[in-house]
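**Q** Here you go, sequence then predicted model.
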Amino acid sequence: MKLLHNNMGYYLKEVKTLVKRDISSNLLSVISLAFIFFILALVFSLGISSDFMITQIEDQAEISIYYTEDANMGDLIENLLSIPGVTDVIPVDEETAKEEMTQILGSESRIVDLFDHNPFSPYLDVAIQLESVDEISEKASSLDGVELVRDNKEVLQKLQEISGIIRLIGFFILLSVSIATLVITSHLIRQGVYLNRDSIGTLKLLGAPDGFIYRPFLVNGMLTSLMAGMLSLVLTYFSTRYLFSQLSGSLPFIVLPGFTDHMTTLVVFTLSLSVLLGIFGGLMGIKSTKPKNN
């Protein structure tokens, strides 16, 4: 490590020479990898966003209970609170129900204004422990005065299925990105070694160790991948900010993670992956050239 630190100036100078000697290949490699990392970052962003939404739904699990006109509210609320797993019961009147739907519909809320009267019914907002939703729904349905029990179990199950599909797609994209990065980086390194074969031969004759000779190529591969990761994050930032603003405006009922924390996670993930893949791609490229130079 000390040797690497002491010679870093030399390695960076050699990397600069390598890039100048084949600038078109280096530039195309950065651009190609940037778009590849961009696609991966978007899929990863979608995956962690869906996980966040599912967690929020689980933490704020609730069911809606609609009651008959002759129901005794006091007794009904007391009976609901006595059911294991029910943590709170909040009455919601017609006007509040209308306001909630207006917020959910967002720009489409003008549909509600087309009605001559308030079409929404009062209900009881029941906070529950999600793992007990089936038992709670069954017991609540049997209570006097209960007309309808509506839960979000099916919605949650659909979200979990979608999240599982996103994870599967993300895995295959990650695998594809890894292979593509390794191939592009290793090819770039092989090309660099070929173009500098005379200099490498001279260094070998002078007794320079392989680590000293090939380390600039490894640094070049790592920096190429890192630059591609940074470029992809610029695209990811603007794309994610646009998507967040559109979803927040059009679908205000969707719970999204904080944008700053979300981007921090994407930055750490993308840069860490780009550095690792750059190093491994560089090692593969160097290893593939050694037999030809022995």
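**A** Now that the structure is in, tell me what you want to look at. As the structure is a prediction and not an experimental result, all values here were calculated from the model.
**Q** Break down this structure into its helices, ranges please.
**A** In the chain, the helices defined using DSSP state H lie at 2-6, 8-21, 23-59, 73-81, 94-105, 133-141, 153-195, 197-205, 210-250, 259-293.
**Q** Out of the ones you listed, which is closest to residue 88?
**A** Set against residue 88 and scored by C-beta to C-beta, those come closest in helix 73-81, at 8.0 Å. Every C-beta, even on glycine, is put in place using the N, C-alpha and C of the backbone.
**Q** re earlier: looking at the helices of the chain, which is nearest to residue 65?
**A** helix 133-141 (5.8 Å).
**Q** Lowest mean pLDDT across the helices of the chain, which one is that?
**A** Per-segment mean pLDDT for the helices of the chain reaches its minimum on helix 2-6, at a mean of 49.
**Q** hang on, the earlier thing: columns mean neighbour count and distance to residue 147 on top of the helices of the chain, output as CSV?
**A** Converted to CSV, the helices of the chain look like this (neighbours: other C-beta atoms under 10 Å; distance: least, C-beta to C-beta, whole Å):
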stretch, mean neighbour count, distance to residue 147
helix 2-6, 9, 73
helix 8-21, 15, 72
helix 23-59, 18, 25
helix 73-81, 15, 11
helix 94-105, 15, 15
helix 133-141, 17, 10
helix 153-195, 16, 19
helix 197-205, 13, 82
helix 210-250, 19, 32
helix 259-293, 17, 41
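**Q** Looking at those, which is nearest to residue 123?
**A** Among the helices of the chain, helix 94-105 sits nearest to residue 123 (C-beta to C-beta), with 6.8 Å.
**Q** Nearest to residue 122, out of the helices of the chain?
**A** Evaluated over those, closeness to residue 122 peaks at helix 94-105, with 5.5 Å, by C-beta to C-beta.
**Q** How about residue 66, nearest residue that isn't a chain neighbour?
**A** residue 148 (4.2 Å; C-beta to C-beta, 6 or more residues apart in numbering).
**Q** That neighbour: neighbour count?
**A** Using other C-beta atoms under 10 Å, residue 148 has 13 other residues around it.
**Q** Against residue 21, how distant is it?
**A** 74 Å (C-beta to C-beta, to the nearest Å).
**Q** returning to what we had before: how about the helices of the chain, which one is nearest residue 125?
**A** Comparing the helices of the chain by C-beta to C-beta, helix 94-105 comes nearest, at 9.3 Å.
**Q** re the thing from before, so the residue nearest to residue 66 makes contact with residue 63?
**A** No: counting by C-beta atoms under 8 Å, residue 63 is not a contact partner of residue 148; they are 10.3 Å apart.
**Q** related to what we said a few turns ago, can the helices of the chain go into TSV with extra columns for distance to residue 67?
**A** Shown next, in TSV, are the helices of the chain (distance: least, C-beta to C-beta, whole Å):
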stretch	distance to residue 67
helix 2-6	73
helix 8-21	73
helix 23-59	24
helix 73-81	6
helix 94-105	13
helix 133-141	10
helix 153-195	20
helix 197-205	83
helix 210-250	33
helix 259-293	40
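**Q** gap between the residue most central in space within the chain and residue 127?
**A** Closest to where the C-alpha atoms of the chain average out (C-alpha atoms, centre = their mean) is residue 45, at 2.0 Å. According to C-beta to C-beta, residue 45 stands 30 Å off from residue 127.
**Q** Kindly report the same for residue 82.
**A** 15 Å.
**Q** of those two, who's got more company?
**A** Set residue 82 next to residue 127 and count neighbours by other C-beta under 10 Å: residue 127 wins out with 14 against 10.
**Q** What about the residue nearest to that one when sequence neighbours are not counted, how many residues nearby?
**A** Closest residue in space to residue 127, ignoring its immediate chain neighbours: residue 88 at 4.1 Å, by C-beta to C-beta, 6+ apart. Using other C-beta under 10 Å, residue 88 has 11 neighbouring residues.
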